[in-house]
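Participant: following is a predicted model, sequence given first.
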Amino acid sequence: MYASSGRAPLLRRSRLSLDRLGAENADCGQPQRSPRQSPARLVSIIFSLLFLVVQWAATTFTPRLGLFRDDPLVWRTFAFSLGVFVFCIAAALTIVSRTEVSMAVPVIAMILALVTLAFMYTLQSRAFSSIQLGPCLHAISSRTRHVVDTVYDRPLGDTDAARSSRPAEADGVPVPWPGHGAVLCGIDVPTLVEVARAHDCLIVLCQAPGQLLVRNRPVARVHAGNAGNAGTLPSDVLLAALAPGVERTFDQDPEIGIRLLANIALRGLSPAINDPATAVQALDHIEDLLLLLADRELDVGHIRDAEGTLRLIVPVPNWDRYVRTALDDVINSAQTVPLALHRIRLLPQHVLDAGPETRRPQLRERLTLAEQLLARSSPATSAPAPAVDTDKK
C-alpha cells in the first residue's frame, strides 16, 4: 500500500539523510557519546557538586570542619558506584556477541543499580545534614564524646597512687623531629610502651595529639632506667610510633571538638556574620562537653607496662586548658552581645555543680567576668546570678 503512494522511497531517503548527517558529524570531530559512559559521568557530576556545595557551606561554620569529607559513606558510595559501572561495562562487552544470555546478568545489574540509588540517596541526605547547623554541632559533639570516653575512661578521683613525678627534662636524651612541620595526629601507645620496656627506659613525649611538631625541636626525651640504657633506644623506632598529619583529627585529641565549637561560636559573633543565636547554640554543646569532662580523671598521661613500671608519659590537657579553650575567646568576642553573655553566664553555673571544688575556681572567674561584661553592655537586663551552693560536693 505504501509503495503505491510513494511513502517507501521517502522513508528510505529519510534514513539515508540521518545516516549521512551522523557521518558528517563524526567527520567534523564531534564526540560520539556512548550510553555506557553515562553512569560514570553521573557519579562524577554528583560527587563534584556534593563536595563543592558541602565544602562551601561548611566554611560558613569553620574552615577546619571536614566531617563530610572524612565520612566513610562518601568513599564507600564512590567505590560501589565505580564497581557497578565496571560490572555493567564488562557484562556488556561479554554478551554483545552472544545470542543467548542468562537472566542472572540483567537481574544482578538491576539489583546493583537499586543499591547504588540507595547509596546516593543516603549520601545526599548526609550532605544536606552536614550543611545545617544543628546536625553539624551534633556530629561534632558526638565524636568528641566518643574520644572523651576512650581517653578519659576513669572517674574523677581514680588516680594512680604510685605515679612517679615527671623527671627533669635536662636528664633525658632529646629526640628531635627530623621532618617538616606537621601536626601530631596520633600516638601508638602500645608500641612505645613495649619499646621502652625492651630498652628499660622511660619515654616522655613533648607534644600531645593535636600539637605542632617543629623541625629539629625535641618531640620526646628518653630517660634511662635502672640499667642506664637511655641512649640505646633507636630514634627511628620512636618516631615510627608517631602519626603526623596536616590538620588535627578526632582520633586521640579530645580538645579539637571544643575548639571547633568555640570557632563556630566566634564566627557567629563576628561583625561580618552577626549571628549570636549560632553562638548560643554552640555554647549549648560546649556546656554538655564540659559537664562530661567535669567528673572524669584528666591526669591519664602516665602509662605503665604489665609489671607496673612507668614507661611512657604523654602530656594531656588539664581542666584549666579545657575551660580556656571553651570560654575565653568567646567571652572576649561577646563583650557587646547581651544574648551571648546571658548564655555564657549560665554555662559556668551549670558546670559548677558537676565538678569538685578544685575545678571550680576557673569557672568562678569566667562567671564573674561574664557578669561584669553583661552589666556594662546591658545594665537593664543584667540581673545578679543566683548564688551557687559550693558545698554540695
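Facilitator: That came through, no problem. Values in this document were obtained by computation on a predicted structure and should not be read as measured data. Numbering: from 1, shown residues only.

Participant: helices along the stretch 151-300 of the chain, start to end?
Facilitator: All helices of the stretch 151-300 of the chain, identified by DSSP state H, counting those that start in this stretch, fall at 189-198, 235-240, 255-269, 276-294.

Participant: deepest of those, which one?
Facilitator: Ranked by mean neighbour count under mean count of other CB atoms under 10 Å, the helices of the stretch 151-300 of the chain are led by helix 255-269, which reaches a mean of 24. Backbone N, C-alpha and C define where each C-beta goes, glycine included.

Participant: can you tell me, leaving aside adjacent residues, what's nearest to Leu341?
Facilitator: Nearest-residue entry for Leu341: Leu374, 4.3 Å, with adjacent residues in sequence omitted and distances by CB to CB, 6 or more residues apart in numbering.

Participant: err, Leu327, not the other one
Facilitator: Excluding the flanking residues, the one nearest Leu327 by CB to CB, 6+ apart is Arg366, at 5.0 Å.

Participant: give me every residue that touches that neighbour.
Facilitator: Contact analysis of Arg366 by CB atoms under 8 Å, 6 or more residues apart in numbering lists 323, 327-328, 331, 344, 347-348.

Participant: element containing it?
Facilitator: Using DSSP states H and E, Arg366 maps to helix 360-377.

Participant: check Ser141 too.
Facilitator: helix 133-151.

Participant: could you pull out the strands in the stretch 201-350 of the chain for me?
Facilitator: 201-205, 212-213, 218-224, 242-245, 302-304, 310-313 (DSSP state E, counting those that start in this stretch).

Participant: tell me the strands beside the last one, with direction?
Facilitator: For strand 310-313, the paired strands and their directions (DSSP bridges) are strand 201-205 (parallel), strand 302-304 (antiparallel).

Participant: just give the nearest non-adjacent residue to Cys185, would you?
Facilitator: Excluding the flanking residues, the one nearest Cys185 by CB to CB, 6+ apart is Gly245, at 3.9 Å.

Participant: quick check: bridge partners of that neighbour?
Facilitator: Applying DSSP bridges, one finds that Gly245 bridges with Val183.

Participant: what about the nearest residue to Leu291 once chain neighbours are set aside, how many neighbours?
Facilitator: Spatial nearest neighbour of Leu291, chain neighbours left out: Ala354 (5.1 Å); criterion: CB to CB, 6+ apart. When neighbours are counted by other CB atoms under 10 Å, Ala354 registers 19.

Participant: isn't Ala354 right up against Ala294?
Facilitator: Yes: counting by CB atoms under 8 Å, Ala294 is a contact partner of Ala354 at 4.0 Å.
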